[in-house]
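Enquirer: got a predicted model here, sequence first, then my questions.
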Amino acid sequence: MVLSESAEVMEQVAKSRFLRKSPFLEFCAAEGLPVITGYGVEDLRTVKLGHWERLGGPAAYCHLEGSQGFVGSLVAEIPPGKSFKPMRHLYEELILILEGRGATQFWCEKTNQTIVLEWQAGSLFSPPLNVKHQHFNGSATEPVRFVAPSNAPIIFNAFASADFIFNTPYEFTDRFAGQSDYFSSEVKEGEFEDTSINFISDVYAMPLTKYPRRGVDYSRLGITGSGNKAMVGHIMAIGSGTYRKPHYHGAGAQVIVLGGKGYTLMWPKDEPSGASKDNKFVKVDWRKGSLLVPPEGWYHSHFTTSAEPGLHLALRRGQRGVGKNYLPTVPEQEGGTVMDYEDEPREVRAIYQAELAKEGIPCRMPPVHYRK
Ligand SMILES: [Fe+2]
């Protein structure tokens with residue numbers, strides 16, 4: 001039997017196979033869930049949504065360049081006075097409320113317990129894995145909009161079955177068994193990040209710790225919760241007139257801008273000529289409501305150009321020893337993946353000074369002495 005006419009044809013077939021949509025993106029297409037691509041989203045609060053029947057309301061999925069089939073973000077809006085359909089899913093998801101107020105109900109069938117969590121703009125929580133839950137808008141006049149980063153892409157890319165992912169009755173009671181005080185805001189020591197907390201009522205009120213090795217005026221708090229094993233995150237602040245050191249890591253970190261204004265430069269580590277022939281850097285401008293996702297192995301650095309700090313919430317995979325083991329908190333000089341200011345491309349500082357001048361914001365960066 002002749003399988004193909006020539007090696008050339010086989011090459012073409014192989015190429016088109018590699019260019020096929022992932023199971024996750026095939027799922028989005030089949031469900032009519034709009035997919036947002038690119039390097040960044042200017043404002044999640046106003047981005048256009050379409051109807052997603054499974055959820056029962058307007059939604060879109062941000063699968064940006066840096067998602068790379070691992071982690072992405074659902075954006076959804078609950079109309080005034082409405083609720084979404086009850087849902088359970090075998091992916092870990094965190095929910096940041098961007099606008100509005102309301103409540104989510106959670107069921108544990110094994111213990112016959114139901115609990116309700118009330119939230120408002122700035123709240124962050126995670127429905128425990130595969131727990132049936134339903135979101136309600138608490139206002140008759142204002143919509144609720146939220147962004148929900150999750151590892152749905154990699155779960156779909158592993159199982160490729162919406163029926164399995166949304167309709168499996170198994171309950172992970174080691175994570176949630178209907179405890180009435182489950183969503184307390186008690187801060188505990190975290191296994192995968194600095195802290196474990198099941199409900200952050202207001203992300204803007206969390207105390208951050210300074211880490212000068214990562215940026216001259218950089219502070220952060222690592223967070224995880226709801227027994228998650230795969231998804232973690234951190235809140236970080238980058239002071240006015242300063243920027244975080246360039247660094248790189250794995251795919252899929254969803255960087256949501258909570259406040260301030262600035263931009264992020266991204267460039268591929270192994271292609272010094274840059275992301276495109278004409279531009280060395282991909283530049284993503286950001287302000288409150290923006291989303292950006294650096295691709296795997298791309299240097300990226302966040303620059304604040306407002307009087308107030310750039311405040312970001314990064315939600316991402318927290319698994320250690322899965323894929324390449326990056327060390328994005330350790331300087332390159334010590335074997336890690338953080339570039340010191342002294343090693344950065346010369347254009348970085350010049351671009352920053354020009355951007356600050358446009359905004360009339362003083363530069364607070366110490367002078368840099370380049371190593372090479
Ligand atoms: Fe990063």
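Expert: Thanks, I have it.
Enquirer: where does pLDDT dip in the stretch 151-300 of the chain?
Expert: For the stretch 151-300 of the chain, the stretches flagged by pLDDT under 70 are 271-279.
Enquirer: rerun at 50
Expert: 273-274, 277 (pLDDT under 50).
Enquirer: quick one, helices of it?
Expert: Along the stretch 151-300 of the chain, the segments classed as helices by DSSP state H, counting those that start in this stretch run 152-159, 162-167.
Enquirer: show me what contacts the residue nearest to the spatial centre of the chain?
Expert: By C-alpha atoms, centre = their mean, the mean C-alpha position of the chain lies nearest to Q254, the distance being 1.8 Å. By C-beta atoms under 8 Å, 6 or more residues apart in numbering, the contact list for Q254 reads 62, 71-73, 147, 149, 291, 293, 314-316. To be clear about C-beta, it is placed using only N, CA and C from the backbone, and glycine gets the same treatment.
Enquirer: equivalent analysis for S226, please.
Expert: 92, 125-129, 175-176, 198 are the contacts of S226 under C-beta under 8 Å, 6+ apart.
Enquirer: ok, what's across the strand from the residue nearest to the centre of the chain?
Expert: L315 (DSSP bridges).
Enquirer: so what touches the helix ranked longest in the chain?
Expert: Ranked by number of residues, the top helix in the chain under DSSP state H is helix 346-359. Around helix 346-359, the neighbours that count as contacts under C-beta under 8 Å, 6+ apart are 241, 243, 246, 261, 263, 265, 280-281, 301, 303, 305-306, 362-363, 365, 368, 370.
Enquirer: go ahead and build a PyMOL selection from the buried members of those residues.
Expert: Selection command for PyMOL covering only the buried members of those, criterion 16 or more other C-beta atoms under 10 Å:
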select buried, resi 241+243+246+261+263+265+280+281+301+303+305+306+363+365
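Enquirer: got the CA positions of the longest helix of the chain in CSV?
Expert: This file holds the C-alpha atoms of helix 346-359, laid out as CSV (Å, rounded to 0.1, in the frame of the first residue of the first chain):
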residue,chain,number,x,y,z
ARG,A,346,21.2,49.6,26.6
GLU,A,347,17.9,50.6,25.0
VAL,A,348,16.0,49.6,28.1
ARG,A,349,17.0,52.6,30.2
ALA,A,350,16.7,55.0,27.3
ILE,A,351,13.2,53.9,26.5
TYR,A,352,12.2,54.2,30.2
GLN,A,353,13.5,57.7,30.5
ALA,A,354,11.7,58.8,27.4
GLU,A,355,8.4,57.2,28.7
LEU,A,356,8.8,58.8,32.1
ALA,A,357,9.5,62.2,30.6
LYS,A,358,6.2,61.9,28.6
GLU,A,359,4.3,61.4,31.8
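Enquirer: which positions in stretch 120-130 come out as buried?
Expert: Buried positions in stretch 120-130, judged by neighbour count with 16+ other C-beta under 10 Å: 120-130.
Enquirer: closest one of those residues to K229?
Expert: L129 (8.3 Å; C-beta to C-beta).
Enquirer: okay, the closest one and Y91: tell me how far apart.
Expert: From L129 over to Y91 the distance is 8 Å, taken as C-beta to C-beta, to the nearest Å.
Enquirer: do G336 as well
Expert: From G336 to Y91 the distance is 30 Å (C-beta to C-beta).
Enquirer: so between those two, which is more surrounded?
Expert: Y91 (19 against 16; other C-beta atoms under 10 Å).
Enquirer: and the gap between the more buried one and R346?
Expert: Taken as C-beta to C-beta, the span from Y91 to R346 is 42 Å.
Enquirer: G225 too?
Expert: Distance from G225 to R346, counting by C-beta to C-beta: 42 Å.
Enquirer: if you count what's nearby, which of the two comes out ahead?
Expert: Using other C-beta under 10 Å as the criterion, G225 and R346 rank with G225 on top: 24 against 9.
Enquirer: who's in contact with the nearest residue to the more buried one once chain neighbours are set aside?
Expert: In space, and not counting its chain neighbours, G225 is closest to N198: 4.5 Å by C-beta to C-beta, 6 or more residues apart in numbering. Residues near N198 by C-beta under 8 Å, 6+ apart: 125-126, 182-186, 225-226.
Enquirer: 10 Å instead, please
Expert: Under the criterion of C-beta atoms under 10 Å, 6 or more residues apart in numbering, the contact list for N198 reads 117, 124-126, 128, 176, 179, 181-188, 224-228.
Enquirer: how close does it get to I223?
Expert: Applying C-beta to C-beta to N198 and I223 gives a distance of 10 Å.
Enquirer: what is in contact with these two at once?
Expert: With C-beta under 10 Å, 6+ apart as the test, N198 and I223 both reach 124, 126, 187.
Enquirer: can you list those residues in CSV and add distance to A357?
Expert: As requested, the shared contacts of N198 and I223 are exported to CSV (distance: C-beta to C-beta, whole Å):
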residue, distance to A357
L124, 35
S126, 41
V187, 41
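Enquirer: which of the residues you listed fall within strands?
Expert: Among the shared contacts of N198 and I223, the ones falling in strands (DSSP state E) are L124.
Enquirer: quick one: which of the shared contacts of N198 and I223 is nearest Y341?
Expert: Of those, the one sitting nearest to Y341 (C-beta to C-beta) turns out to be L124, at 31.3 Å.
Enquirer: the residue nearest to S290 when sequence neighbours are not counted: what's it in contact with?
Expert: Leaving aside its sequence neighbours, S290 sits nearest to V257 (C-beta to C-beta, 6+ apart; 4.3 Å). By C-beta under 10 Å, 6+ apart, the contact set of V257 is 40-44, 264, 286-292, 302, 310-313.
Enquirer: next, work out how far apart V257 and T209 are.
Expert: 20 Å.
Enquirer: do C62 as well
Expert: From C62 to T209 the distance is 29 Å (C-beta to C-beta).
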